[in-house]
Structures are given as C-alpha cells and as structure tokens.
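1. model this:
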Amino acid sequence: MDAVRMCCAGLDVHQETVVACVLKGPIEQKPQCHMKTFGTTTRELLGLQDWLSEHGCREVVMESTGVFWKPVWNILEGSCDLVLANAQRVKNMPGR
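-> The predicted model follows:
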C-alpha cells in the first residue's frame, strides 16, 4: 500500500483505555510506529492530546463500537482533524 500521509494516528477506544498509534516519517520510507496507552480520565485524555501534539499529528482516526468515543472526541476536536470509524464497517475494507 502506498503512503499518502507523513503523519497520522489511529486510536482504539475502550471503556477504560485508549490505545494510540502514530505512524510518522517520509512518504518514501517505512514510517516509524509510536504506540502508547492512555486512560479515559480527563487528565489522561489531555495527556493524549499533548502526546499527539508532540508528534506533530493532526489527522486522527478513532475506532469505537460503543459510546466511549464521545469524551475522546470532545477533548481532541479543537486540536485534531478527527474521523470516527465503525469497526464493523471497516473490518473487511481493503487497506483498512
């Protein structure tokens, strides 16, 4: 698959944790992967926002099957370009 972004992040949102993965690097090379797990308290979500900012990441896709994405969205919406993906719909999509 060809890279089209120099830096992007994916979030897997659960009830008590948010697992974040940032892929970053030149488009011609394999990106570096940075992963970190955060809690779902406001303090932890603000830490997630700071962590994404440190990596210079503004494009974020989050996956959640319930309503757990809402607090994460509320914290990040001012600093990131967000996309919410339904896990059931993207599971069999090529290049997901």
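
2. Tell me how far the nearest residue to T40 once chain neighbours are set aside lies from I75.
-> Excluding the flanking residues, the one nearest T40 by Cβ to Cβ, 6 or more residues apart in numbering is E16, at 5.8 Å. Where C-beta positions appear, they are placed from N, C-alpha and C, glycine not excepted. Computed as Cβ to Cβ, to the nearest Å, the E16 to I75 distance reads 16 Å.

3. same question, D81
-> From D81 to I75 the distance is 14 Å (Cβ to Cβ).

4. So for the two, which residue has more residues nearby?
-> More crowded of D81 and I75, by other Cβ atoms under 10 Å: I75, with 17 against 12.

5. For the more buried one, what is the enclosing helix or strand?
-> helix 69-76 (DSSP states H and E).

6. what does M35 give?
-> Judged by DSSP H and E, M35 forms part of strand 32-39.

7. Could you check how far V4 is from P31?
-> Taking Cβ to Cβ, one finds V4 at 11 Å from P31.

8. Settle it for me: which of these two has more neighbours?
-> Comparing V4 with P31 by neighbour count (other Cβ under 10 Å), the higher total belongs to P31, at 16 against 7.

9. where's the more buried one relative to V61, distance?
-> Counting by Cβ to Cβ - P31 and V61 are separated by 15 Å.

10. same question, V22
-> 11 Å.

11. so what sits against both of these two?
-> Residues touching both V22 and V61 by Cβ atoms under 8 Å, 6 or more residues apart in numbering: C8, A9.

12. Between the two, tell me which one has more neighbours.
-> Applying other Cβ under 10 Å to V22 and V61 shows that V22 carries more neighbours, namely 22 against 16.

13. The more buried one belongs to a strand?
-> Yes. V22: assigned to a strand according to DSSP: H, G, I helix; E, B strand; the rest coil.
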